[in-house]
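Peer 1: Output the structure for:
(one chain, ligands or ions: 3)
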Amino acid sequence: MKSRAAVAFEPGKPLQIVEIDVAPPRAGEVLLRITHTGVCHTDAFTLSGDDPEGVFPAVLGHEGAGVVVQVGEGVTSVQPGDHVIPLYTAECRQCLFCKSGKTNLCTAVRATQGKGLMPDGSTRFSYQGQPVYHYMGCSTFSEYTVVAEVSLAKINPAANPEQVCLLGCGVTTGLGAVKNTAKVQPGDSVAVFGLGGIGLAVIQGAKLAKAGRIIAIDTNPAKFELARTFGATDCVNPKDHAQPIQQVIIEMTGWGVDHSFECIGNVQVMRAALECAHRGWGQSVIIGVAGAGQEISTRPFQLVTGRRWLGSAFGGVKGRSELPGMVEQAMKGEIKLAPFVTHTLPLENINEAFELMHAGQSIRSVVHY
Ligand code: NAD
Ligand code: AHE
Ligand code: ZN
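Peer 2: Numbers count the residues shown, from 1 in each chain. Ligands and ions are numbered 1, 2, ... in the order given. Sure thing, here's the model as predicted:
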C-alpha cells in the first residue's frame, strides 16, 4: 500500500514528505495507521548523524499512537481496530531479560531493530523500489507502519491520541526513571538537568513521589515557568553562576541531592549531575543519549565516597504490561500530559517541529496525519 511519510534520506538534512510503499505485515507483525506522533530529541539525534545505529534512508519517529489495520500470521494479542502505542522497548515475556524480573530491556527484536530491520531481517518500507529502513521498531513518521506484535501496547480506545502518544517515550521515560530507576522516596531532594519533555516528566514524577526539594536546571530560562508548574521548587540557570553547576547545587543543599537526573545527552553535564549527588548515598541517573564516541568520566573518588551512577531506558517500564494502566491514569488526570503539548502540526510541517526543538521554543510538538 501507499503511505505518506516523512523520510530521513540523509543525516543532517530536513525530512522529505513523500509517498512510500508499505508491504503487508508478515508473521508476528502488525500494520498500523498512526494518527499522532510526538517528536523527541532522540529523533533529532539520529537525524543529526550522531547515532551509531543511525541508518539512512529511514522513517524515524518512536513516540506515536495509532490503530491496528491488519495483523500477520500468528498474531493473537491485537486485532484490527485496536488502539495501540508502539514500543521501542519490546516486551516478549519469554526472553532471559523479560523473565528476569530485573529489567525492561527485552531482547526479542532488539538486534534487528538496531539495524533498521524487521525481526526477519528485511524492511517493509520502500521508495521508488529501494529499501527504506525502520527506526527503533516504530517508525511513527509514516501514516502506515509495520511493527512486531511484541512491540505494541493495547490501550483504551477512548484515550486522546494527541496526548497519550507522549507515553510512547518522553513522559513514560521521565516518570519511570523516578519511580523504577531512582526509586525516589517522600522528602528526598532531586536535581533535574535539562527541562525538555524528559526533564519535565522527571519533575512530574518527583512531585508524584512526594519529593522534597526539586531543583530544575536549564541554560534556557524560558523553561522555568513550566518546570515550576510541574513542581520544581528552585530553578537554576548555570549561565548565571561563575562556579561549576555541581558546586552551585552542593552549596544550595549542604551536601548535594539524594537523586540527580541528566536529561540532555551532554557528557559534561552527566559528570556535573553525578558530582552534585549527596556524599555517602546520592545517586545520578543518566537518561540523555550521547553521540558516537562520547564518554563519561569523573574521579573514582566520587564513587568511592558513596555516589552511584545509574542509567534508565524507557524509564524501566515494561510497555505491554504497564502502558495500558498509565493511559488510564492519564485519562483520570493522575498523569498530566496536556502541558507537554506546546505545538500541534500536520505531517507536512514536521520539519518545523525539529526547528522549534532546536530553538528551545517547544516542549513537545505533536504531528497529526
Ligand atoms: P529537549 O531538547 O526537549 O530538552 C533538552 C533540554 O536541555 C533543553 O531544555 C535545553 O535547553 C537543555 N540543555 C541543553 N544543554 C544544557 C546544559 N548544558 N545545561 C542545562 N540544560 C541544557 O530533549 P528531550 O526530548 O527532553 O530529550 C532529552 C534527552 O533524553 C535527549 O538526549 C534524548 O535523546 C534523551 N532521551 C532518552 C530516553 C531514554 O530512554 N533514556 C528517552 C527519551 C529521550
Ligand atoms: N542508538 C543509540 C542509543 C539510543 C538510546 O540510548 N536509546 C534509548 C531510548 S531514547 C528514546 O528517546 C534506549 O532506550 N536505549 C536502550 C535500547 O535498547 O535502545 C546508540 O548509542 O547506539
Ligand atoms: Zn524518545
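Peer 1: Test my guess that residue 256 contacts residue 276.
Peer 2: Yes - using CB atoms under 8 Å, residue 256 makes contact with residue 276 at a distance of 5.1 Å. For the C-beta atoms, the positions are set from N, CA and C on the backbone; glycine is no exception.
Peer 1: neighbour-wise, which of these two wins?
Peer 2: Ranked by neighbour count (other CB atoms under 10 Å), residue 256 and residue 276 place residue 276 first, with 28 against 24.
Peer 1: The more buried one and ligand 1, how far apart?
Peer 2: Distance of residue 276 to ligand 1, computed by CB to the nearest ligand atom, to the nearest Å: 12 Å.
Peer 1: Residue 52 now?
Peer 2: Residue 52 is 13 Å from ligand 1, by CB to the nearest ligand atom.
Peer 1: Could you do residue 207 as well?
Peer 2: Residue 207 is 17 Å from ligand 1, by CB to the nearest ligand atom.
Peer 1: Tell me which helix or strand comes right after the helix or strand containing that residue.
Peer 2: Using DSSP states H and E, residue 207 sits in helix 197-208. Counting by DSSP H and E, the next helix or strand C-terminal to helix 197-208 is strand 214-217.
Peer 1: Tell me which strands that following strand pairs with, and in which orientation.
Peer 2: strand 190-193 (parallel), strand 234-236 (parallel) (DSSP bridges).
Peer 1: which one of those strands lies closest to ligand 3?
Peer 2: Ligand 3 lies closest to strand 190-193 among those, at 16.8 Å (CB to the ion).
Peer 1: now check the closest one, is it near ligand 1?
Peer 2: Yes - Strand 190-193 is in contact with ligand 1 by CB under 6 Å from any ligand atom, via residue 193.
Peer 1: picking that back up, shared neighbours of residue 256 and residue 276, anything?
Peer 2: When contacts are counted by CB atoms under 8 Å, 6 or more residues apart in numbering, residue 256 and residue 276 have 249-250, 282 as shared neighbours.
Peer 1: circling back to that earlier point, can you tell me the average pLDDT over the helix holding residue 207?
Peer 2: This predicted structure assigns helix 197-208 an average pLDDT of 99.
Peer 1: Same question for stretch 322-330.
Peer 2: 98.
Peer 1: Which of the residues in that stretch are classified as buried?
Peer 2: 322-324, 326-327, 330 (16 or more other CB atoms under 10 Å).
Peer 1: Which two among those are spaced furthest apart?
Peer 2: Farthest apart among the buried residues of stretch 322-330 by CB to CB are 322 and 330. That separation is 12.6 Å.
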